[in-house]
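Undergrad: following is a predicted model, sequence given first.
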Amino acid sequence: MNIPESLSYSPEHLWTKATADGLWEAGITDYAQDLLGDIVFIDAPTVGSKLLAHQPCGLVESVKTGSDLHALVDGTVVEINQALLTSPELINDKPYQAWIFKYQLAVGQDPLTVANSLLDADAYKALIASL
């Protein structure tokens with residue numbers, strides 16, 4: 001199972017990372033895409049929508065089932081990965097390159113505090129080992 005050390009994770013199997021422009025990317029983990037199987041549809045949150053930590057903000061559908069996307073932190077969606085809307089299977093091929101949406105942290109949130117509120121790679125490995 002691929003779990004990059006450079007990312008932060010949620011208990012709902014999303015990953016995130018800060019980008020050079022001050023935004024954050026979010027996508028589903030290798031573990032999640034493996035459980036889902038062949039991904040056939042992404043219902044990404046709309047640009048401008050508000051994210052509330054741990055609340056559903058979108059949907060990933062596979063040939064087996066659908067799974068809600070849960071926001072990692074509070075923020076605002078600023079961009080959707082348009083390539084996934086027409087080729088959602090890209091997530092199966094490269095889950096850590098196929099980000100689903102980019103977001104900006106809510107006003108007043110410190111990036112370091114946000115990162116510390118999420119799971120690091122070791123904690124995420126422990127989480128999935130316990131499932």
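TA: Arrived safely, thanks for sending.

Undergrad: check the average confidence over stretch 66-79, would you?
TA: Averaged over stretch 66-79, pLDDT sits at 96.

Undergrad: any idea how far apart the tips of it sit?
TA: Using C-alpha to C-alpha, to the nearest Å, the end-to-end distance of stretch 66-79 comes out at 22 Å.

Undergrad: just the buried residues of that stretch, please?
TA: The neighbour-count check on stretch 66-79 (16 or more other C-beta atoms under 10 Å) flags 67, 69-75, 77 as buried. From N, CA and C alone the C-beta is placed, and that goes for glycine too.

Undergrad: stretch 108-116 too?
TA: Here stretch 108-116 shows 114-115 as buried, counting by 16+ other C-beta under 10 Å.

Undergrad: residue 55: what's it in contact with?
TA: Residue 55 makes contact with 70-71, according to C-beta atoms under 8 Å, 6 or more residues apart in numbering.

Undergrad: separation between the residue sitting furthest away from the middle of the chain and residue 47?
TA: Here the chain reaches farthest from its C-alpha mean at residue 108, the gap being 21.5 Å by C-alpha atoms, centre = their mean. In this structure, residue 108 and residue 47 are 22 Å apart, going by C-beta to C-beta, to the nearest Å.

Undergrad: picking that back up, which one of the buried residues of stretch 66-79 is nearest residue 15?
TA: In terms of C-beta to C-beta, no member of the buried residues of stretch 66-79 lies closer to residue 15 than residue 72, at 8.5 Å.

Undergrad: contacting residues for residue 5?
TA: 120-121.

Undergrad: that one and residue 17: what is the separation?
TA: With distances taken as C-beta to C-beta, residue 5 is found 11 Å from residue 17.

Undergrad: would you list every one of the strands in this protein?
TA: Using DSSP state E, the strands of the chain run over residues 8-9, 14-18, 24-28, 39-43, 50-51, 56-62, 66-70, 75-80, 101-105.

Undergrad: touching the first one from outside, list them.
TA: Contacts to strand 8-9, defined as C-beta under 8 Å, 6+ apart, come from residues 3, 15-17, 29, 72, 115, 118-121, 123-124, 127.
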